[in-house]
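K.L.:
Got a predicted model here, sequence first, then my questions.
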Amino acid sequence: MKLDVFQIDAFASRVFAGNPAMVCCLEEWLDDALLQSITTEHNAAVVAFLVDRGAHFDIRYFTALGELGLVGHASLAAAYVVLRILKSDLPEAVLHRRNGMLKVASLSDKLLAITLPILPALSCPAPAELSAALGVPFMETRVNDNQYFVFLEDEAEVSKLAPDMARLMKLDRDGVIVTAPGENCQFVSRAFAPKEGLPEDPVCGSAHLALVPYWSERLGRSEHLALQLSPRGGELHCSLRGNEVRLAGRCALYMEGTIHI
């Protein structure tokens, strides 16, 4: 069996930036254990598996720790494979996840977009371990099912933050997102997810499903340029559209090849 595979740097205009994801194309779903083995073999942070259904694509996401319901940057990488390689004549497509769907679109010859429902975060008291892990004062804390969101005064505080990962591991959520107003953009963020094997996530698309509604309300606007201040860096063009968020960005193709099984 031969499978086409691509590695894409998502939310980046060049390779070695943004967030890398592998996209593997299947004719039909393989056994879950085999999908997991492929992911482990490549030592990839995430592999998005695609099955072409003609009118749409099915998509699943695997990491070294198992399957996830949604990975934002891997969805943008999959959009690149679908709209730039497999079906370059299409301006948009639908990807069906196990627990939902997402729309992908080509906005220009450079920008691709994914559209997903918002995942708002609600105000909450800051857990003691969170305050101790960050070691800096912050303005507000919010939480949703997956992540804590911490709001700082300015971009410099976000940039220099050095969290205690051992303390983050003790929290009851998988990730912590730290954000502040940007100097040359609407807002900046960093994402820490040691429980998922990612001390720092290069670009966390799913976090913006909560960040965009928050900053839209706070800034009184629906369009945003957002920067992720990880060492690799990432740029997201965000738009709040009712109960959905559109995340647009560039992708850089790093590798394409064939898997032999």
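P.N.:
The structure has been received and is ready for your questions.
K.L.:
gap between Ile114 and Ser108?
P.N.:
Distance, Ile114 to Ser108, by CB to CB, to the nearest Å: 15 Å. For every residue, glycine as well, the C-beta is placed using N, CA and C.
K.L.:
For the two, work out which one has more neighbours and name it.
P.N.:
Per other CB atoms under 10 Å, whichever of Ile114 and Ser108 has more neighbours is Ile114, with 25 against 9.
K.L.:
For the stretch 51-200 of the chain, which segments count as helices?
P.N.:
Per DSSP state H, counting those that start in this stretch, the stretch 51-200 of the chain carries helices over the ranges 72-80, 128-134, 155-160, 165-168.
K.L.:
Pick the most buried one from the ones you listed.
P.N.:
Greatest average neighbour count among the helices of the stretch 51-200 of the chain goes to helix 72-80 (a mean of 29), per mean count of other CB atoms under 10 Å.
K.L.:
Give the rounded mean pLDDT of that one.
P.N.:
For helix 72-80, mean pLDDT is 97.
K.L.:
Return it as PDB; C-alpha atoms alone will do.
P.N.:
Taking C-alpha atoms only, helix 72-80 is exported to PDB below (Å, rounded to 0.1, in the frame of the first residue of the first chain):
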ATOM      1  CA  GLY A  72      -6.600  24.000  14.200                       C
ATOM      2  CA  HIS A  73      -3.300  24.300  12.400                       C
ATOM      3  CA  ALA A  74      -3.600  20.800  11.000                       C
ATOM      4  CA  SER A  75      -7.000  21.800   9.600                       C
ATOM      5  CA  LEU A  76      -5.300  24.700   7.800                       C
ATOM      6  CA  ALA A  77      -2.600  22.300   6.500                       C
ATOM      7  CA  ALA A  78      -5.300  20.000   5.300                       C
ATOM      8  CA  ALA A  79      -7.000  22.900   3.500                       C
ATOM      9  CA  TYR A  80      -3.700  23.500   1.700                       C
END
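K.L.:
Please give the centre-to-centre distance between that helix and its chain.
P.N.:
Centre-to-centre, helix 72-80 and its host chain are 8 Å apart (CA atoms, centre = their mean, to the nearest Å).
K.L.:
Residues in contact with that helix: which ones?
P.N.:
6, 8, 10-11, 18-19, 21-23, 46-48, 50, 57, 59, 61, 93, 95, 102, 104-106, 112-114, 116, 202-209, 234, 247, 249, 251, 253 (CB atoms under 8 Å, 6 or more residues apart in numbering).
K.L.:
Only the buried subset of those, as a PyMOL command please.
P.N.:
The following PyMOL line selects those of these that are buried, judged by 16 or more other CB atoms under 10 Å:
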select buried, resi 6+8+10+11+18+19+21+22+23+46+47+48+50+57+59+61+93+95+102+104+105+106+112+113+114+116+202+203+204+205+206+207+208+209+234+247+249+251
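K.L.:
any weak-confidence spans in the stretch 1-150 of the chain?
P.N.:
Judged against pLDDT under 70, the stretch 1-150 of the chain has no low-scoring part.
K.L.:
and Met255, how many residues sit next to it?
P.N.:
For Met255, using other CB under 10 Å, the count is 12.
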